[in-house]
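Peer 1: for reference, the sequence and a predicted model appear below.
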Amino acid sequence: MKFTKPAWVIHGDPSGKSDQSPKRLSIFSVHVHPDGSRIATGGLDARVRIWSTKPILNSASEASGRPPKSLCTLTMHTGPVLCVRWAHSGRWLASGSDDAIVMIWDLDPNAKGKVWGSDEINVEGWKPLKRLPGHESDVTDVAWSPEDRYLASVGLDSQVLIWNGFTLERLCKIDQHQGFVKGVCWDPVGEFLATQSDDRSVKIWRTRDWQLEAEVRKPFEDSPGSTFFRRLSWSPDGAHITASNATNNKGFVFIAAVIARNSWTSEISLVGHENTVEVAAYNPHIFLRNPSSAVATSNICSVVALGADDRSVSVWQTKSARPMIVAKEVFERQIMDLSWSWDGLTLYAVSSDGTLAAFSFDAEELEGIAPHSAQQQYLQKFGFVPPPLPEGFSHTAPSRERMTPPPSPHAQAQVAQNGFGAGVNGAGGEVINKLVAKRNTKRRGQSSFAGPSSSAAVPSAAIHPTIPSAAHPPYADTLPSSISRAQSHPHSHSASPLIGPGMSAMLQDPSPFSPPLPRRQSGDSDGSLGMQVPIDAIDSMGFAPGKRKSSAMDMAEDRPSKARTLGGDRPRDSGSILVKEVVWASSSGVGGRGSATHEGMKVFEVPPVLTYLTVKASDTGDDAYLESRNAESGDLTEVTFVSGKQTQWLDYLPSPVVTLAATGVFCAVGMVDGSLNIYSPTGRRMMPTLTLDSATSFLSGNKSALIALTATGMLYSWSVKRAAANFPPTSVRPLLAVSPNSSFEGTRVTITSITARPNGSPVLMTTTGVAYSYDANLCTFIKLSESWWAEGSDAWISRLRTNNAQPSSRGQPVVATIESAISEQTPPPSGATQRPQWWSTALTLGHLESKLHAAKVLDSSQEYKQILLVYAKKIADEGFRGKAEELVKELFGPVYWRPGMAKEDGWNPTLLGHPKRDLLRDVLQVFARSKTLTKLAMDWQDLVKKASTSSED
């Protein structure tokens, strides 16, 4: 196998300075042309770029510049291009973008030449054949059906649109998903269409009437909703769908789920990635377990590749329980898309770090690859008859006089369409494949491909009786010579195989989707030593036998080997701990202190006194826990802070512990008598023991902020680092059922959870579907969000543009998380009530304005900017000039103010770390694209430009 990562494949920032190297922008999609001569990529620069594959795979071609590396740049989209897909005929290219448009491109010999607005030259020309509007939000994925009969597109408007693949007319709109649709794929038979959505489901649709065939939810119930895509893929034998963004063990294990045809159940998992799987892609060929045998269900397997947010790519063959290839640390950020070449020997991957990588295999490495004709004959067993083609239309390839593509990197006959072998779902429950890491003593980067091993036959999902071998002889002799497994000559490439960082090949197990075989003993010796994932941490600890340099520490043997800690010499309990409730008798009312009149003031129950409590420290990368132990007798209470297996510190307290909170900055311990102790990570008391009005019912920490809510309903907030309160103690009673105005349709109101923000603002979730916080500037509680907005706001579920690999420095998208939690506990509106004409517009604007205030109170900087731009677009779409002018003036501030001047009374030049005039520039760009506010935007853009120019002078 060869690995290469061409630096010249780039989507650059067009706004960068010409004298500097362009900044890499994210690449969201890649797809290989059916003839293998070119690839298309789509990126954040709103461009589709077409590249020649020969310079990627051949170093001599790359050095000579023939054929040209960049073939064409397509610039008609106005937003980031999220998906590119070639038609199976190779004649057309489809692209989907943030601008809610699907574009169809066709080859145009007259479109060559310089790209308008840049120095790029188009070697070949592609023109926009047709623009397909219809989506109301970003188009996240598109897919051509077999024989290009249909084109399916999905997007963030939760819709699936079906287009005629020949006339490009819209045939059907499917709107049964309840969340963003982020993946689509076709059944190679042509009978079904599969889509995957943020509503945590995969839906199967019948192509004969476009109705729902099945819905799969089980492996996605706890899947995260923060991924850019949920790209799924259908096996070329039609037996399975491999879906991304699935989880096991209540969301703690990230997997790719394999869904069986007809039963539509998922009992098979591909396990091993350390973060969410973003994309799955099958090799377009079916593979034969025994190439000398007939093409039968029991003799078919296939190859699938997975790309994940842990920056790794894995390649699996279904006859093995372990992956063939695991490529780690190839990218700096998550993988966005994968694409196999038409001949099945090259895999391309792109990442949000703006780079592309290619994995090139030899035919011997992918044993049993079958020609395209074998797959076509096998798919006939399903008996599905597609509808007739439209009269007068066809997807014939353009003539040679028009196409003239660069030579294909593999000159042999083209073989393949789609393919994957099929394992059966065993009756013994879910079977899991694991990525197994082994220690490797060889030098990193010298891994080689593990040759295929013989395996027991595992049948695919049964469809019809097997094709008799007499009617269909073995295909071993019909394979093209360039792919025949009988080849025995060595590598013919001049360059030696390239192995990427952290890449290794794994041994294959005999059975597909079966548990891993027992690990070999250390005494076993075979050719597997170079095929193991290296674990450098073992070698770096200095425990390997052999020579080592002496050090000064060797002479001081009486010194302790590690730093001494309070309680550190006591081993941590490794077994299971029995937790009991301690009967705590107290004569002092709520919290065990004060007069009995406190009982009548009780709002929340005091947590029970348990013999053992533990909480994991947030904001820490290691395994750190704060633990407390209350003796059953009630006369001894111990609190410890444990990191790994070592006790960092301990303390003894005079009262039983009922609540705990820990971050990377402090540890907080709430006691039943209303006392609160705050420790540093080393066990120092950072503040004096705080005496609250009663025991704490809720305790939450975030970085240096600590929030406490007592049993009598008093809310406290402190900054531990400043040793000061963020606002005076205040009662939450106005929010609860004890207030005469707080009943909600007869439901008793209470607080279900409380969390702290880094700036000390609390987030209180209630049973009525309302989230509250406390604004210290207004000295009152405010509503962050509520289920009322779901009645008519178009912005009730917003799309997050945050990146998993680089979260906002000021926090995660907390407002969107709050609304997601509210929507899960609130039934959707019935829609039967007749609403006024301006209902939706009024609620959408009010909702967005409320979200802006919420993001400001919670110090969610990046989210504030995202909501502001959505708000500006809504104002522009509606043409509300008065609101637009008011917003512009608020962000611009005093006309005479210049950067570097002191703050003016009542106006701050920054907002959550953003310069207000920088926010204004982004808002004006939104206004400039509208039909009604263009003049307003141009006037203010000139004023902003003059103000910035005068400040530079």
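Peer 2: Everything's here; your move.

Peer 1: okay, CA-based contacts and neighbour counts for the rest of this
Peer 2: OK.

Peer 1: the lowest-mean-pLDDT helix or strand in the chain: what's the following helix or strand?
Peer 2: None of the helices or strands of the chain scores lower by mean pLDDT, DSSP states H and E than helix 536-539, at a mean of 33. For helix 536-539, the following helix or strand on the C-terminal side (DSSP states H and E) is strand 612-616.

Peer 1: pairing partners for that following strand, with directions?
Peer 2: Paired with strand 612-616 in the same sheet, following DSSP bridges, are strand 624-630 (antiparallel).

Peer 1: give me the residues contacting the strand it pairs with.
Peer 2: Applying C-alpha atoms under 8 Å, 6 or more residues apart in numbering, the external contacts of strand 624-630 come out as 582, 609-617, 636-644, 656-657, 660-662, 667.

Peer 1: shouldn't V603 be in contact with M714?
Peer 2: No - V603 is beyond contact range of M714, at 9.3 Å (criterion: C-alpha atoms under 8 Å).

Peer 1: skip the chain neighbours and tell me the closest residue to A884.
Peer 2: I875 (6.6 Å; C-alpha to C-alpha, 6 or more residues apart in numbering).

Peer 1: if you could redo that for R149, that was the one I meant.
Peer 2: Leaving aside its chain neighbours, R149 sits nearest to G165 (4.7 Å; criterion: C-alpha to C-alpha, 6+ apart).

Peer 1: now do V142
Peer 2: S153 (4.3 Å).

Peer 1: looking at this, the one you found is in a strand?
Peer 2: Yes - the assignment for S153 is a strand, going by DSSP: H, G, I helix; E, B strand; the rest coil.

Peer 1: need the contact list for it.
Peer 2: Shown in contact with S153 (C-alpha under 8 Å, 6+ apart): G96, V102, V139, T140, D141, V142, A143, V160, L161, I162, V184.

Peer 1: tabulate the residues you listed (a markdown table), appending secondary structure.
Peer 2: Formatted as a markdown table, the contacts of S153 follow (three-state DSSP):
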| residue | secondary structure |
| --- | --- |
| G96 | strand |
| V102 | strand |
| V139 | strand |
| T140 | strand |
| D141 | strand |
| V142 | strand |
| A143 | strand |
| V160 | strand |
| L161 | strand |
| I162 | strand |
| V184 | strand |
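
Peer 1: need the contact list for the closest residue to P133 other than its chain neighbours.
Peer 2: For P133, ignoring the flanking residues on the chain, the nearest one in space by C-alpha to C-alpha, 6+ apart is I101 at 5.2 Å. Applying C-alpha under 8 Å, 6+ apart to I101 gives the contacts H77, R131, L132, P133, G134, H135, D138, V139.

Peer 1: what's the answer for K250, then?
Peer 2: Neighbouring residues of K250 by C-alpha under 8 Å, 6+ apart: D222.

Peer 1: just checking, it is part of a helix?
Peer 2: Yes - applying three-state DSSP, one finds K250 inside a helix.

Peer 1: what confidence value was assigned to it?
Peer 2: In this prediction, K250 carries a pLDDT score of 78.

Peer 1: compute the distance between it and T318, please.
Peer 2: Noted for K250: a distance of 26 Å to T318, by C-alpha to C-alpha, to the nearest Å.

Peer 1: before we move on, what about L356?
Peer 2: Taking C-alpha to C-alpha, one finds L356 at 26 Å from T318.

Peer 1: repeat for W92
Peer 2: For W92, the distance to T318 equals 32 Å [C-alpha to C-alpha].

Peer 1: compare those two (neighbour count), which wins?
Peer 2: Neighbours were counted for W92 and for T318 using other C-alpha atoms under 10 Å; T318 has more, 27 against 20.

Peer 1: so what does the more buried one have for phi and psi?
Peer 2: Per-residue torsions, T318: phi -70, psi -10 (degrees, to the nearest 10).

Peer 1: from S95, how far out is it?
Peer 2: Separation of T318 from S95 (C-alpha to C-alpha) stands at 31 Å.

Peer 1: then D106?
Peer 2: Distance, D106 to S95, using C-alpha to C-alpha: 12 Å.

Peer 1: same thing with W718?
Peer 2: W718 is 51 Å from S95, where distance means C-alpha to C-alpha.

Peer 1: out of those two, which sits in the busier spot?
Peer 2: When W718 and S95 are compared for neighbours, S95 comes out ahead with 29 against 22, by other C-alpha under 10 Å.

Peer 1: give the contact list for that one.
Peer 2: G42, V48, V81, L82, C83, V84, R85, V102, M103, I104, V142 are the contacts of S95 under C-alpha under 8 Å, 6+ apart.

Peer 1: try 6 Å this time
Peer 2: Going by C-alpha atoms under 6 Å, 6 or more residues apart in numbering, S95 touches C83, V84, V102, M103.

Peer 1: give me the sheet partners of whichever strand or helix holds the first one and which way each runs.
Peer 2: Right, the one you point to is C83. Assessed by DSSP H and E, C83 sits inside strand 81-86. In the sheet, strand 81-86 lines up against strand 92-97 (antiparallel) (DSSP bridges).
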